[in-house]
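Peer 1: only geometry, no sequence info:
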Ligand SMILES: [Zn+2]
């Protein structure tokens, strides 16, 4: 029986239903699960001082394209809208292979881990030159984060009126067969699962209606979740109206793409009827505020979604459109955007942190994660608030309002992944070198 006691935290932000925050408190971890939370706990196992620190649940990232960490700040894509940005980047992504997928995924996951993330989803929708979902799953296993990879896909190339070049699209029967393969090989439905696989055609503008419908049938047959991009910007909505004769929400509902086992990225342009549809059906949203700002897509109606009862989590989105993958920074950005649109009292720092923890857990169907409570999995972020960026802070909300933006320590399923601000599982310096070497090769 392995025990670790996190002792003497300045504050434990539990994120329970009542929003309890415990001062001078301990968290006891036993066999990967939170065994107790409170003051004066003892153990015969390892003691880990959390003095001067805030402990939060590990943050949960609900939308990413990890492969894009190799294409940050690409000239020509820096200032474009969504469709123009995609057209710039598709030919570069077409050069990727298994090594690029593995290394870029590790780089993205390390960046996330250092910003407090213990569970990330990923949306990989292109598989050039022998790349497979397996490459990113192997990368996450080494880094030590919990991982929800989704088997994405594109099937409508330029010659069929879609956006991606024909070289990056796959045959639909091959896509569905590979979905079955990766679900059977990697998906774990049990509580505490380290890997859960989802099915995720890229977007309504890059796959057929048939594939959307068949993907939903397959996911329900296999008991896995569904994910895609929806209503990201005005171009996206215009495409839906012109091509399908309806708004994105209607399209999703008609094809079986609503329900508690579905989450959609962005949803910047959902109207009141669509918000109501999402709330009634339990459909989740991955809100990606930095990416939405970077691509000028707009401000997602998160306040209205939350008030209507929609499950909303946060996503850093791919690093070609953020270009940072800092999840606590994303919480701050979510808070700021709702304030600039709706007023200073319309998104508190604590609510933003709730989106990043409980919100993400609800969106990804993980009632075993997202809060610090007995029986939940021991995914914990420890933030050192004794540094200069926290100096002078009066309240635990400073974590979102002021900083720090990097964790001191991170535990996933009770295993320490970050210690003293450094990765304990992978050699970050060597990884950075390899990543930069691959990026240079792509530039050439
Ligand atoms: Zn995306």
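Peer 2: Sure thing, it's come through. Being a predicted model, the structure only gives us computed values, none of them experimental. Numbers count the residues shown, from 1 in each chain.
Peer 1: now do the same end-to-end measure for stretch 241-256.
Peer 2: End-to-end distance for stretch 241-256: 18 Å, by C-alpha to C-alpha, to the nearest Å.
Peer 1: pLDDT of that stretch, averaged?
Peer 2: Per-residue pLDDT values over stretch 241-256 give a mean of 97.
Peer 1: the helices in the stretch 251-400 of the chain, which residues?
Peer 2: Assigned by DSSP state H, counting those that start in this stretch, the helices in the stretch 251-400 of the chain fall at 272-281, 289-294, 302-308, 327-342, 349-354, 360-363, 398-401.
Peer 1: deepest of those, which one?
Peer 2: Compared across the helices of the stretch 251-400 of the chain, helix 360-363 shows the largest average neighbour count, a mean of 28 (mean count of other C-beta atoms under 10 Å). Any C-beta I mention is one placed from the backbone N, CA and C, and that applies to glycine too.
Peer 1: If you count contacts, what does that helix end up packed against?
Peer 2: Packing partners of helix 360-363 (3 or more C-beta pairs under 8 Å, 6 or more residues apart in numbering; DSSP states H and E): strand 59-61, strand 284-287, strand 312-314.
Peer 1: domain ranges for the chain?
Peer 2: 3-58+369-423, 60-363 (automatic domain parsing).
Peer 1: and residue 314, how far is that from residue 322?
Peer 2: 12 Å (C-beta to C-beta, to the nearest Å).
Peer 1: The domains of the chain: which one's closest to residue 442?
Peer 2: In terms of C-beta to C-beta, the element of the domains of the chain nearest to residue 442 is domain 60-363, at 5.8 Å.
Peer 1: Can you get me the start-to-end distance on that closest one?
Peer 2: Termini of domain 60-363 sit 10 Å apart (C-alpha to C-alpha).
Peer 1: got it, and stretch 230-238?
Peer 2: 12 Å.
Peer 1: Let's test this: mean pLDDT of it, rounded?
Peer 2: On average, stretch 230-238 scores 95.
Peer 1: Buried residues of that stretch, list them for me.
Peer 2: 230, 231, 232, 233, 235, 236, 237 (16 or more other C-beta atoms under 10 Å).
Peer 1: now swap in stretch 207-222 and tell me
Peer 2: 207, 211, 212, 214, 215, 216, 218, 219, 222.
Peer 1: for those residues, which one is nearest residue 295?
Peer 2: Nearest to residue 295 among those is residue 207, at 20.6 Å by C-beta to C-beta.
Peer 1: ok, back up a step: for the helices and strands packed on helix 360-363, give me CSV that also has mean pLDDT and mean neighbour count.
Peer 2: Shown next, in CSV, are those (pLDDT from 0 to 100; neighbours: other C-beta atoms under 10 Å):
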stretch, mean pLDDT, mean neighbour count
strand 59-61, 98, 31
strand 284-287, 98, 30
strand 312-314, 98, 28
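Peer 1: looking at the ones you listed, which is closest to residue 119?
Peer 2: strand 59-61 (4.8 Å).
Peer 1: which helices and strands sit right next to whichever helix or strand comes after the closest one?
Peer 2: Next in sequence after strand 59-61, counting helices and strands by DSSP states H and E, comes helix 82-93. Applying 3+ C-beta pairs under 8 Å, 6+ apart, we find helix 82-93 packed against helix 234-244.
Peer 1: name the helices or strands packed onto the helix it packs on?
Peer 2: helix 82-93, helix 248-254.
Peer 1: So for the longest one, what gets flagged as buried?
Peer 2: For helix 82-93, the neighbour count (16+ other C-beta under 10 Å) marks 82, 85, 86, 87, 88, 89, 90, 92, 93 as buried.
Peer 1: Great, nothing more from me.
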